[in-house]
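give me the fold of what follows.
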Amino acid sequence: MIEVQNDHRVIVAGVDGSPAAERAVEWALEEARACGDDVILLHAWQYPLVAMTAFHSEAWPALAQGEVEKVAGDALDAVTETARKRVPEVRIDSRLVQGHPGEVLVDASGDARLLVVGSRGLGGFTGMLLGSVSSSCVHHARCPVVVVRD
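Below you'll find the model as predicted:
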């Protein structure tokens with residue numbers, strides 16, 4: 001669960017480096033600005049499956065687990081810094097969590113007012129409307145979910 005540090009409501013936005021996730025962060029920031037909410041940018045990573053996210057290159061499976069966590073954290077820090085500069089009036093925090101992205105985001109939804117994710121629709125089926133992570137969030141989150149499409 002995401003620990004809420006004040007009386008503000010929290011929007012959790014999933015971050016993975018994809019264009020859809022970037023748009024999800026933008027959407028979450030604008031919603032937070034309009035409603036006075038805080039934002040938590042959340043990046044879930046797995047070892048060695050981390051190579052499947054947009055932050056990471058095909059060379060990543062050769063990295064040790066600690067190296068993967070550091071690079072993932074650095075990428076999340078860059079996204080967080082950019083978000084803070086873009087919308088300085090919104091309190092923005094970030095969390096790097098090891099685990100399956102769908103499970104981590106659903107867990108974080110327990111204390112959130114809203115969960116915002118991007119949908120890359122990456123799967124074996126061209127007509128898929130949602131990717132597996134966004135689908136998991138829509139079906140299992142404990143708060144409303146916004147899915148931002150490419």
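
please, which helix or strand holds Ser94?
Under DSSP states H and E, the secondary-structure element containing Ser94 is strand 92-98.

in that strand, what counts as buried?
Ile92, Ser94, Arg95, Leu96, Val97 (16 or more other C-beta atoms under 10 Å). C-beta coordinates here come from the backbone N, C-alpha and C atoms, glycine included.

for the fourth one, give me the pLDDT.
Among the per-residue scores, Leu96 shows a pLDDT of 97.

ok, back up a step: residues in contact with the following helix or strand past the strand holding Ser94: which ones?
Helices and strands here follow DSSP H and E; after strand 92-98, the next one along the chain is helix 101-108. Contacts to helix 101-108, defined as C-beta atoms under 8 Å, 6 or more residues apart in numbering, come from residues 1-2, 12, 14, 16, 40, 42, 44, 46, 53, 95, 97, 115, 117, 132-133, 135-137, 140-142.

buried among the residues you listed? Make that a ChimeraX selection.
A single ChimeraX command selects the buried members of these (16+ other C-beta under 10 Å):
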select :2,12,14,16,40,42,44,46,53,95,97,115,117,132,133,135,136,137,141
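
how many other residues sit next to Glu31?
Using other C-beta atoms under 10 Å, Glu31 has 18 neighbouring residues.

should've said Glu81
With other C-beta under 10 Å as criterion, Glu81 counts 12.

about what we covered before: among the buried residues of strand 92-98, which pair sits farthest apart?
Ile92 and Val97 (16.5 Å; C-beta to C-beta).

lowest-confidence helix or strand of the protein?
Scoring the helices and strands of the chain by mean pLDDT, DSSP states H and E places helix 132-140 at the bottom, with a mean of 87.

and that helix, what does it pack onto?
Helix 132-140 sits against helix 101-108, strand 114-119, strand 145-149, with contacts defined as 3 or more C-beta pairs under 8 Å, 6 or more residues apart in numbering; DSSP states H and E.

cool, thanks, talk later.
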